[in-house]
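Novice: what follows is a predicted protein model with its sequence.
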Amino acid sequence: MKNQSSVVPIPAPAVPRHATGLHLIGDLYGCLCDDRLMLDAAYLEDFCRARVADAGLTTVGSLFHSFGEGGGVTGAVVLAESHLAIHTWPEAGYVTLDVYVCNYTENNRPKAQKLFDALLAAFNPNDPHLHSVDRA
């Protein structure tokens with residue numbers, strides 16, 4: 001008879017969560033806003049960077065791209081605290097919005113909410129679908 005041993009799994013040690021975060025997500029339908037927010041990459045980039053600063057977050061870099069005459073814009077602002085991503089479809093009045101912050105040395109949740117709320121107000125959707133996800 002073969003010697004059979006029983007393997008008892010050893011649970012991994014609990015890892016403290018140092019970098020908890022908040023991820024705010026919006027699908028914004030029926031946006032009634034300044035056309036430049038939907039169509040003009042440079043304008044949208046400046047607008048987003050200003051809202052980031054107003055919220056007390058730190059811009060590390062940004063990149064925004066226009067899809068040409070009448071096309072939308074896709075852009076991202078990289079934050080020391082994480083990121084803001086935005087995509088516009090002017091022909092449909094639709095915007096996707098993504099704000100994520102980590103909370104390693106301080107609680108950045110109120111700053112993330114302030115940024116998200118400012119962008120939401122600017123795009124003025126008549127049918128916003130909003131989600132909040134706790135991360136880490």
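Specialist: Good, I have the coordinates.
Novice: G70 versus the most centrally placed residue in the chain, what's the distance?
Specialist: By Cα atoms, centre = their mean, the chain has its centre lying nearest to V99, at 1.9 Å. Going from V99 to G70 by Cβ to Cβ, to the nearest Å gives 27 Å. Any C-beta I mention is one placed from the backbone N, CA and C, and that applies to glycine too.
Novice: could you do T20 as well?
Specialist: Between T20 and G70 the computed distance is 41 Å (Cβ to Cβ).
Novice: higher neighbour count, those two?
Specialist: Set T20 next to G70 and count neighbours by other Cβ atoms under 10 Å: T20 wins out with 15 against 9.
Novice: hang on, the earlier thing: name the element the residue nearest to the centre of the chain belongs to?
Specialist: With secondary structure defined by DSSP states H and E, V99 is part of strand 94-102.
Novice: got the CA positions of that strand in PDB?
Specialist: Output of strand 94-102 as PDB, limited to C-alpha atoms (Å, rounded to 0.1, in the frame of the first residue of the first chain):
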ATOM      1  CA  TYR A  94     -22.800  60.200 -25.100                       C
ATOM      2  CA  VAL A  95     -19.800  60.300 -22.700                       C
ATOM      3  CA  THR A  96     -18.000  57.700 -20.700                       C
ATOM      4  CA  LEU A  97     -16.300  59.000 -17.600                       C
ATOM      5  CA  ASP A  98     -13.900  57.100 -15.300                       C
ATOM      6  CA  VAL A  99     -12.200  58.600 -12.200                       C
ATOM      7  CA  TYR A 100     -10.100  56.300 -10.100                       C
ATOM      8  CA  VAL A 101      -8.000  57.300  -7.000                       C
ATOM      9  CA  CYS A 102      -5.900  55.400  -4.600                       C
END
